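*Asks:* any chance you can model this:
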Amino acid sequence: MSDPRLGLTVTHRRYVPYSHAHYGGSLVDGAYVLGLFGDVATEACIRADGDEGLFASYSDVQFRAPVIAGDVLEVSAIMTRVGTRSRELSFEARVVCRAQPERSPSAAAVLAEPILAVSATGTVVVPAPA
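*Replies:* Predicted coordinates for the structure are as follows:
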């Protein structure tokens with residue numbers, strides 16, 4: 001019998017503020033997205049196990065496209081494996097809106113096709129069942 005927690009999906013959307021621009025061209029460092037992955041992993045653990053859990057490791061992280069200040073990111077986690085205490089999650093961060101400073105300082109647009117910016121696989125652990 002398949003575990004009902006498999007396939008559990010959590011999605012957050014977050015505006016990337018200009019205060020997080022770290023490099024030229026308003027580029028945001030990759031650690032910003034990894035922090036967002038931690039947020040969706042926490043909610044997934046709460047929903048699956050009633051505990052925030054702890055992030056144990058990443059087995060793969062792929063930075064595929066830049067994240068820039070003014071983006072709106074859609075960040076998702078899908079539970080792909082359930083062990084006794086460990087949970088494996090697949091993560092994606094997609095840019096769904098992007099700033100358009102060339103039009104005006106506050107211009108932005110919803111993207112017709114989201115841009116996959118970062119993908120990862122990670123493992124979290126939760127307390128043993130009582």
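*Asks:* ok, the residue nearest to residue 47 when sequence neighbours are not counted - contacts?
*Replies:* Spatial nearest neighbour of residue 47, chain neighbours left out: residue 8 (6.2 Å); criterion: Cβ to Cβ, 6 or more residues apart in numbering. C-beta coordinates here come from the backbone N, C-alpha and C atoms, glycine included. Going by Cβ atoms under 8 Å, 6 or more residues apart in numbering, residue 8 touches 44, 47, 48, 78, 79.
*Asks:* next step: these restricted to strands.
*Replies:* Mapping these onto strands (DSSP state E) picks out 78, 79.
*Asks:* ok, of the contacts of residue 8, which come out buried?
*Replies:* The neighbour count (16 or more other Cβ atoms under 10 Å) marks 44, 48, 78, 79 as buried among those.
*Asks:* reformat those as TSV; add distance to residue 62 and pLDDT.
*Replies:* Shown next, in TSV, are the buried ones among the contacts of residue 8 (distance: Cβ to Cβ, whole Å; pLDDT from 0 to 100):
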residue	distance to residue 62	pLDDT
44	20	97
48	25	94
78	16	98
79	19	97
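*Asks:* what helix or strand is residue 92 on?
*Replies:* Per DSSP states H and E: residue 92 is located in strand 86-99.
*Asks:* output that strand as CSV, nothing but the C-alphas.
*Replies:* Presented in CSV, the C-alpha positions along strand 86-99 are these (Å, rounded to 0.1, in the frame of the first residue of the first chain):
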residue,chain,number,x,y,z
SER,A,86,13.4,10.8,6.7
ARG,A,87,11.4,12.4,3.9
GLU,A,88,12.8,13.2,0.5
LEU,A,89,11.5,16.2,-1.3
SER,A,90,11.8,17.5,-4.8
PHE,A,91,11.9,21.3,-5.1
GLU,A,92,11.4,23.9,-7.8
ALA,A,93,11.6,27.6,-7.9
ARG,A,94,9.9,29.3,-10.9
VAL,A,95,9.9,33.0,-11.8
VAL,A,96,6.3,33.9,-12.5
CYS,A,97,6.6,37.7,-12.7
ARG,A,98,9.6,39.8,-13.5
ALA,A,99,10.5,43.4,-13.0
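*Asks:* please consider this matter closed, and thank you.
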